[in-house]
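Participant: Here is my input, please return the structure:
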Amino acid sequence: LPAWASAQAAEQFGELLARAAERDDLPPASEAGRHARIHQMREAGRIAGLLYEAGAAADLPTHSPFCDDTVLDACLAVRPEDAGSPWSYKPLLAAAMGGLVPDRLLERTTKDHCGTEWHHGLRTHRRQLAAWADTSLLSAAGITEPRALRLAMLSPGLNTGGVAGLENTLGAEAWLREVAAHPEPEYLALRDPQEEPSIDTATH
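Facilitator: The predicted structure is shown next:
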């Protein structure tokens, strides 16, 4: 857990893990490596589903071909030692995309990142983050420790756990504030059809 997680959060998380361990659910694979790969595939499918729903709400078609069963079966058929390499980035994907994307992209050895923009954004919004730290709804719920959360928000360079934990924490805090400000989202509010703005089809 991140350094700003409260003792209450750690205890509750431990209880969730204990309950999960008591279930009779079988792992997706007996081998740890294959289990991890299937878990990642399921996570990719879950995220793809969220993207599809968001796109559908905006009338934007969304496709996730890498989540097709045939693609996943092909990936699982590859030996683990051939699926990854310390000298290349996603060798299976590079092999599949050969001739379709520029070679300079296929030959890269690491994933691109947006660390510079991330830290610039935190510095730019330091005042807002300070206000969030002082009035955190996560802290009010006993999930985060206020002083540690404030330190993480205002001094992210001291966070040795990477940006994922802080990014998820900020996302959860933003979500709680949005729910508090708008308990009933505007898109769920009932509207009178007569109040809808008319569209001049002659000019559109």
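
Participant: Any figure for the gap between residue 146 and residue 133?
Facilitator: Applying Cβ to Cβ, to the nearest Å, one obtains 7 Å for the distance of residue 146 from residue 133. Bear in mind the C-beta positions are built from the backbone N, C-alpha and C, glycine included.

Participant: Ok, residue 105 next?
Facilitator: Distance of residue 105 to residue 133, given as Cβ to Cβ: 39 Å.

Participant: These two: which is more packed in?
Facilitator: residue 133 (22 against 11; other Cβ atoms under 10 Å).

Participant: buried ones in the helix or strand where that one lies?
Facilitator: Taking DSSP states H and E as the criterion, the element that holds residue 133 is helix 126-134. Neighbour counts using 16 or more other Cβ atoms under 10 Å place 129, 132-133 of helix 126-134 among the buried residues.

Participant: Low-confidence stretches in the chain?
Facilitator: 161, 187-204 (pLDDT under 70).

Participant: does residue 1 really touch residue 12, like I thought?
Facilitator: No: Residue 1 is beyond contact range of residue 12, at 10.6 Å (criterion: Cβ atoms under 8 Å).

Participant: okay, those two: which has more neighbours?
Facilitator: The neighbour count for residue 1 versus residue 12, taken as other Cβ under 10 Å, is higher for residue 12 (14 against 11).

Participant: Start and end of stretch 20-40, how far apart?
Facilitator: Between the opening and closing residues of stretch 20-40 there is a gap of 18 Å (Cα to Cα, to the nearest Å).

Participant: all strands for the chain, in order.
Facilitator: Applying DSSP state E to the chain gives no strands.
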